[in-house]
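1. no letters, just coordinates:
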């Protein structure tokens, strides 16, 4: 995982749009957006969940209001090209390169966004963020400093991804997901809507975490494991390769679920319990 120092390497607190879009000053005047993404990236980890909710709500309201106001003043040819702008015209047989970045998105000057990636309205991309080929960043999603998004990865609307986190190639992050700092999502991992993943956790390649799960700090969901909806996984717990955790189940801190084990719906596994490889914990069981 990447060091937390990556968030300290931000180039500057000054916002900037990507090549082909208006200058930061012009864009800010036109949209009326006053937002310091570097400040948000460095300070949001100190905010409570409720504080972060209200910050995001205020930002969304201001962005939508400003966007609606600005669209009324744009002429039709400009509106027709709001969402796509050619930055490298085709010559000598080369394919034309298109940037799919909405004008209301904020991209830090120190970020690297591939020309084929799509960034939706109101998204915020921080310093030293890398967005790979054909990745998709949803509306009002926030990528804090040092985040890496692999090629063909999809992050849905209103997600927040903490500093230094890696989103593997082909992964899918659902709507409203909250991911802490220095989390690792492996290749083709799937995280369902409204799930929370604590700092330093890992969801390995091919693993699936369904909707509204809560994964605490330092937990590991290993390769090919599947975690049901509304599951709670305690700090530093381990769900082994190929294991299955049923819906609304709770795993305590430092629980170990062996490879290919099965834990039924609404089961409770107490702190520190080890479930052997290939074992079955029936639904509604309390393992202590």
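-> Now that the structure is in, tell me what you want to look at. Just so it is clear, the structure is predicted and the values come from calculations on it, not from any experiment.
2. now do the same end-to-end measure for stretch 279-287.
-> Across stretch 279-287, the terminal residues are separated by 12 Å (Cα to Cα, to the nearest Å).
3. tell me the buried residues in it?
-> 281, 287 (16 or more other Cβ atoms under 10 Å). Where C-beta positions appear, they are placed from N, C-alpha and C, glycine not excepted.
4. chain neighbours aside, what residue packs nearest to residue 250?
-> Leaving out its chain neighbours, the residue that sits closest to residue 250 by Cβ to Cβ, 6 or more residues apart in numbering is residue 232, at 4.5 Å.
5. nope, residue 202 is what I was after
-> The nearest residue in space to residue 202 (Cβ to Cβ, 6+ apart) is residue 184, at 4.5 Å.
6. picking up where we left off before, let me see the contact set for the residue nearest to residue 250.
-> 213, 214, 216, 249, 250, 251 (Cβ atoms under 8 Å, 6 or more residues apart in numbering).
7. inside helices: which ones of these?
-> Here DSSP state H is the test, and the contacts of residue 232 give no hits in helices at all.
8. from the residues you listed, pick the one nearest residue 170.
-> Lowest distance from residue 170 to those (Cβ to Cβ) belongs to residue 213, with 20.1 Å.
9. now that closest one: how far from residue 247?
-> Separation of residue 213 from residue 247 (Cβ to Cβ, to the nearest Å): 9 Å.
10. anything in contact with each of these two?
-> 228, 229, 230, 231.
11. now the contacts of residue 232 as JSON lines including neighbour count, distance to residue 258 and pLDDT?
-> Formatted as JSON lines, the contacts of residue 232 follow (neighbours: other Cβ atoms under 10 Å; distance: Cβ to Cβ, whole Å; pLDDT from 0 to 100):
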{"residue": "213", "neighbour count": "25", "distance to residue 258": "20", "pLDDT": "98"}
{"residue": "214", "neighbour count": "18", "distance to residue 258": "22", "pLDDT": "98"}
{"residue": "216", "neighbour count": "21", "distance to residue 258": "20", "pLDDT": "98"}
{"residue": "249", "neighbour count": "24", "distance to residue 258": "15", "pLDDT": "98"}
{"residue": "250", "neighbour count": "19", "distance to residue 258": "18", "pLDDT": "98"}
{"residue": "251", "neighbour count": "29", "distance to residue 258": "13", "pLDDT": "98"}
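12. can you lay out those as a markdown table showing distance to residue 260?
-> Shown next, in a markdown table, are those (distance: Cβ to Cβ, whole Å):
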| residue | distance to residue 260 |
| --- | --- |
| 213 | 20 |
| 214 | 24 |
| 216 | 23 |
| 249 | 16 |
| 250 | 21 |
| 251 | 16 |
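13. what's the most distant pair in these?
-> Farthest pair in the contacts of residue 232, by Cβ to Cβ: 216 and 249, 14.0 Å.
14. residue boundaries of the helices in the stretch 101-250 of the chain?
-> Here the stretch 101-250 of the chain has no helices by DSSP state H, counting those that start in this stretch.
15. of the contacts of residue 232, closest to residue 287?
-> The shortest approach to residue 287 among the contacts of residue 232 belongs to residue 251, at 9.5 Å (Cβ to Cβ).
16. wait, that closest one touches residue 243, no?
-> No: at 10.4 Å, residue 251 and residue 243 do not qualify as touching, with contact defined as Cβ atoms under 8 Å.
17. pLDDT wise, what is the residue nearest to residue 250 at?
-> For residue 232, the pLDDT comes out at 98.
18. what about the stretch 51-200 of the chain, any weak spots by pLDDT?
-> Across the stretch 51-200 of the chain, the ranges flagged by pLDDT under 70 are 51-99.
19. rerun that using 90 as the cut-off
-> 51-100 (pLDDT under 90).
20. circling back: does the residue nearest to residue 202 have beta-bridge partners, and which?
-> On the basis of DSSP bridges, residue 184 is bridged to residue 166, residue 202.
21. please list all residues in contact with it.
-> Residues in contact with residue 184 (Cβ under 8 Å, 6+ apart) are 1, 165, 166, 168, 201, 202, 203.
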